[in-house]
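# My questions concern the predicted model and sequence given below.
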Amino acid sequence: MSHSRRQTVARQRMLYTGETFNQARHALERLDAAGPPIPEASPDQAALEAALFQELGQIDNSAWHTGDPAFGITSITPQRDELVMRIAKPFLPDVIAHIMPTCADDDSGQIYGVPGLRARKKNDHTVLYRPGMPGRIRIPVRPADWDKAAIIGFTFWWENTQAPWLTFPAEWHPAERAFVEANPERWAFGNVLYHNSGFISGVLRRVRTLHGPHIDYWKMWVNGAICDTYGIQLLWANGGEHVTVVDRLRELAFGLNLDIKLPSEQLCRCGPDQHCYIKLIQRDTGNTLCLRRSTEKPRDEEDQDPLGRRWTERNRQRREQLCAAYGY
């Protein structure tokens with residue numbers, strides 16, 4: 001690949017990953033020149049990314065501000081067997097609290113977060129992995145900031161819960177193993193969801209396509225995840241418009257091999273005051289991606305519901321107090 005061509009590809013990749021130009025350029029230099037500019041994850045890596053993305057998709061972001069990055073992710077650097085995921089510092093407490101496993105202090109046996117997920121802290125980053133299973137996600141954050149963010153996140157979100165990733169830092173907790181065994185359709189290694197994880201991972205690796213100057217909130221969930229085919233539901237308010245997101249996700253070199261599903265299941269109005277959705281189908285798998293875009297007014301506008309505004313403001317104040325108390 002010529003120097004000028006590599007620069008062009010790096011700039012286009014930035015639209016999908018959020019990387020800086022130098023990050024994208026250096027990442028491309030490490031890839032096989034014949035491979036795609038956004039590499040697919042290996043099956044084991046994809047399974048970890050899919051599990052983590054589904055937990056990120058359920059974070060209550062009501063206390064975040066309009067214009068914040070989707071899911072708190074500022075950028076990613078995808079590799080075959082690793083994903084570097086950069087999280088904006090203010091959102092790291094929420095991310096840790098929702099992806100790291102917790103269990104209720106009762107006999108329900110319920111595990112929240114990703115069962116088995118562990119954090120190995122290095123000098124300037126933290127590696128997320130599951131002991132005895134392939135796959136790793138690297139988050140550039142200093143150990144001291146990771147520890148502070150973990151305390152803040154768990155104090156803010158959870159009461160009467162245990163954190164097996166702290167009590168069993170390098171191995172699975174018996175409660176996690178029992179939970180996985182009791183829910184094989186969701187967590188068994190090698191099941192249908194495991195084999196379908198590549199599509200979910202592929203969306204995560206292109207999450208920056210959603211970003212816009214006014215994005216207000218976002219959600220992600222999966223329908224029919226344990227079936228042969230399934231549908232990813234991706235919801236956001238304001239932010240990127242369908243015409244931009246769809247064009248990028250369908251782009252031949254950088255996209256996900258998608259077709260627009262027409263005609264009966266198509267509904268896209270994208271008017272100034274209307275909610276809309278557009279459904280895309282992956283040609284080689286039959287899995288679907290439903291993009292749902294809302295045009296609700298931003299939360300911080302004066303005409304927001306007064307009760308909602310007070311609740312959001314209380315949460316923000318409490319978060320600020322916790323951050324100040326722990327010097328975060």
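Structure's in. What do you need?
# gap between the helix or strand harbouring L280 and the chain center?
Using DSSP states H and E, the element containing L280 is strand 276-282. The chain centroid and the centroid of strand 276-282 are separated by 19 Å under Cα atoms, centre = their mean, to the nearest Å.
# Show me what that strand packs onto, helices and strands only.
Packing partners of strand 276-282 (3 or more Cβ pairs under 8 Å, 6 or more residues apart in numbering; DSSP states H and E): helix 242-249, strand 258-260, strand 288-294. In short, each C-beta sits where N, CA and C put it, glycine included.
# So what touches the longest one?
Judged by Cβ atoms under 8 Å, 6 or more residues apart in numbering, the contacts made with helix 242-249 from elsewhere in the structure are 15-16, 206, 209-210, 254-256, 258, 260, 268, 270, 276, 278, 280, 289, 291, 293.
# Likewise for stretch 321-328?
By Cβ under 8 Å, 6+ apart, stretch 321-328 touches K89, P93, D145, K148, A149, I151, I152, T155, F156.
# ok, 10 Å please
Applying Cβ atoms under 10 Å, 6 or more residues apart in numbering, the external contacts of stretch 321-328 come out as 89-90, 92-93, 144-145, 147-149, 151-153, 155-156, 319.
# ok so, going back, rebuild the helices and strands packed on strand 276-282 as TSV, extending it with mean neighbour count and mean pLDDT.
Formatted as TSV, the helices and strands packed on strand 276-282 follow (neighbours: other Cβ atoms under 10 Å; pLDDT from 0 to 100):
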stretch	mean neighbour count	mean pLDDT
helix 242-249	17	85
strand 258-260	15	88
strand 288-294	20	83
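# Just put these in JSON lines and tack on distance to L234.
As requested, these are arranged in JSON lines below (distance: least, Cβ to Cβ, whole Å):
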{"stretch": "helix 242-249", "distance to L234": "9"}
{"stretch": "strand 258-260", "distance to L234": "13"}
{"stretch": "strand 288-294", "distance to L234": "6"}
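# For Q233, pull up the helix or strand it's in.
Per DSSP H and E: strand 231-237 holds Q233.
# Kindly provide the whole-number mean pLDDT of that strand.
The average pLDDT for strand 231-237 rounds to 86.
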